[in-house]
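# Need a 3D model of the sequence below.
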Amino acid sequence: MKFLFVHQNFPGQYLHIVRDLLAEGGHEIVFMTEPNRNQLAGVRKVTYARPPATHAGVHPSAREFDVAMRRAEAGYAGAKQIKALGFEPDVIIGHHGWGELLNLVDIFPGVPILGYFEFYYRLDGTDVNFDPEFPMPPERFGAVRAKNGVNHLATALEQFGQTPTAWQWQTYPAWARERISIIREGVDLDVCKPDPASHKHKLSIGALTVAPKQKLITYVARNLEPYRGFHTFMRALPAILAERRDVVVSIVGGDEVSYGVAPRSGTWRSELMAEVGDQIDTARVHFMGRVPYEDHVKLLQRSDAHVYFSYPFVASWSLREALAIGAPVIGSDTKTVTEFVTQGETGLVTPALDPAALATTALGLLDDRALSERLAAGARDFAIRNLDLKQYLLAFRAEIERITGKRMVAEVHPPRRGADAAPPARKRRVRAAGGA
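Reported below is the predicted structural model:
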């Protein structure tokens, strides 16, 4: 088959899918993107010019939409060149959040588009005003609704969509859900797996050293910010560190702002250290920055308690990886997390904005080896049944076959049977009938 992938940051979340197609052979793959240094042998990478951030005269609430329309224009020009070179895809696959896909129906009429629908922005029940510490004034509500401009145009294409979780799917209005399938993203269970020997030897990564008899608490986020519960985590540390002298803390993440408001000054790390730094033993708290993937896996394998908090938003890959590795997870009581973490089965759940509750939960977990082992086993079992990369690839292939009406020859492993079988991808409802 001939595939046209589209994502402004090649290869985006399509790395595993593209690798699977390349390994199978017999497919022609073109990937349209903004310029970057990433390369994949066997993929024709076509770049388009990165559009300017916005024009000064654009209304603040429309600036994101303005950039998306410029990307749509650039994507149109890039696709026109691709077609002029004689390439006609059987299917177009890409992320709808950036706008590049919106005009491709005009270049390749009749070619099905499978677009990633990441999140539908709402004023109630999601991230907006979830945290009373950072209220959004009513005069900004219109800007939240405006963020759905690309969502609406993408749905109006009457093409096909996919999203990775039931939570993300249900944020969309009922009329949009009819065209969006749930294809649960997976992780490589042969890489993200428990290491029974991890507690038997000393772990050293940079300035971090964890001895066999010490307890390691881990925290991971793309960036350290309130959206991922960083403020709750930092405010819980004084009580944890005071109670347990054997605890070492690893904090992985950058100092930029991915989501939500920026700090008053500096970074969220500097803000929280200014608040609680004099209450903690900083020699036992290690800010790791961004680490190589293999170190990330080692930290999770050694973890005695992995804290993953989030506002009601999109779940991070690190949560899936932690569960697959069998790290004892403490998650926030938000739907983003509880779709993965079930109290007492795959982890522990505690209020997202309550540092004292987090401290109590963490200390209880560190004191209860039997509970820790049970949660680790439950997390790994959940990952085998729901988060297997092989199952994800099979489900994605099945969706491609469904929307194109063309058969693909799959060479990935067959689905597991019995208790380890992953649930099938949700069938798209057909009417008289998207994610991160």
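
# Could I get the full set of strands for the stretch 51-200 of the chain?
All strands of the stretch 51-200 of the chain, identified by DSSP state E, counting those that start in this stretch, fall at 91-95, 113-116, 160-163, 180-182.

# Just name the most buried of these.
Comparing these by mean neighbour count (mean count of other Cβ atoms under 10 Å), strand 160-163 comes out on top with a mean of 27. To be clear about C-beta, it is placed using only N, CA and C from the backbone, and glycine gets the same treatment.

# what's in contact with it?
96, 112-118, 154-155, 169, 172, 176, 179-183, 396, 399, 403, 428, 434-435 (Cβ atoms under 8 Å, 6 or more residues apart in numbering).

# that older thread, export the strands of the stretch 51-200 of the chain as CSV, with columns for mean pLDDT and distance to Asn38.
CSV is the format used below for the strands of the stretch 51-200 of the chain (pLDDT from 0 to 100; distance: least, Cβ to Cβ, whole Å):
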stretch, mean pLDDT, distance to Asn38
strand 91-95, 98, 15
strand 113-116, 98, 18
strand 160-163, 98, 23
strand 180-182, 97, 27
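
# For His7, find the nearest of the ones you listed.
strand 91-95 (5.0 Å; Cβ to Cβ).

# what's in contact with the closest one?
In contact with strand 91-95 (Cβ under 8 Å, 6+ apart) are residues 1-8, 12-14, 17, 100-101, 104, 108, 111-116, 118, 400, 403-404.

# Can you select the buried ones among those for me in ChimeraX?
Command for ChimeraX that selects the buried part of the contacts of strand 91-95, burial taken from 16 or more other Cβ atoms under 10 Å:
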select :1,3,4,5,6,7,8,12,13,14,17,100,101,104,108,111,112,113,114,115,116,118,400,403,404
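
# Filter the contacts of strand 160-163 down to the ones in helices?
Under the assignment DSSP state H, those contribute Ala154, Thr155, Trp169, Ala176, Phe396, Glu399, Ile403 to helices.

# Which one of these is nearest to Leu365?
Trp169 (31.1 Å).

# returning to what we had before: between the strands of the stretch 51-200 of the chain, which one is closest to Thr334.
strand 160-163 (17.2 Å).

# Name every strand pairing with the closest one and say which way it goes.
Paired neighbours of strand 160-163 in the sheet (DSSP bridges): strand 113-116 (parallel), strand 180-182 (parallel).

# Output the first one as CSV, nothing but the C-alphas.
Same thing as strand 113-116. Provided in CSV are the C-alpha atoms of strand 113-116 (Å, rounded to 0.1, in the frame of the first residue of the first chain):
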residue,chain,number,x,y,z
ILE,A,113,-7.9,10.2,6.0
LEU,A,114,-7.3,8.7,9.4
GLY,A,115,-6.8,11.6,11.7
TYR,A,116,-5.7,11.7,15.3
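
# How about the contacts made by the closest residue to Lys213 other than its chain neighbours?
Spatial nearest neighbour of Lys213, excluding adjacent residues (Cβ to Cβ, 6 or more residues apart in numbering): Asp246 at 6.7 Å. Residues near Asp246 by Cβ under 8 Å, 6+ apart: Lys213, Gln214, Lys215.

# Any of those buried? List them.
Buried among the contacts of Asp246 (16+ other Cβ under 10 Å): Gln214, Lys215.

# which among the contacts of Asp246 gets closest to Thr346?
For these, the closest approach to Thr346 (Cβ to Cβ) belongs to Lys215, at 20.5 Å.

# Which residues are in contact with that closest one?
Residues near Lys215 by Cβ under 8 Å, 6+ apart: Arg244, Asp246, Val247, Val248, Asp304, Ala305, Leu366.

# If we use 7 Å, what do you get?
Counting by Cβ atoms under 7 Å, 6 or more residues apart in numbering, Lys215 touches Arg244, Asp246, Val247, Asp304, Leu366.

# Setting the sequence-adjacent residues aside, check what's closest to the fourth one.
In this case it means Asp304. Lys215 (4.5 Å).

# doesn't Ile251 make contact with Phe287?
Yes. Assessed by Cβ atoms under 7 Å, Phe287 is found in contact with Ile251 at 5.1 Å.

# what about the two, which has more around it?
Applying other Cβ atoms under 10 Å to Phe287 and Ile251 shows that Ile251 carries more neighbours, namely 22 against 17.
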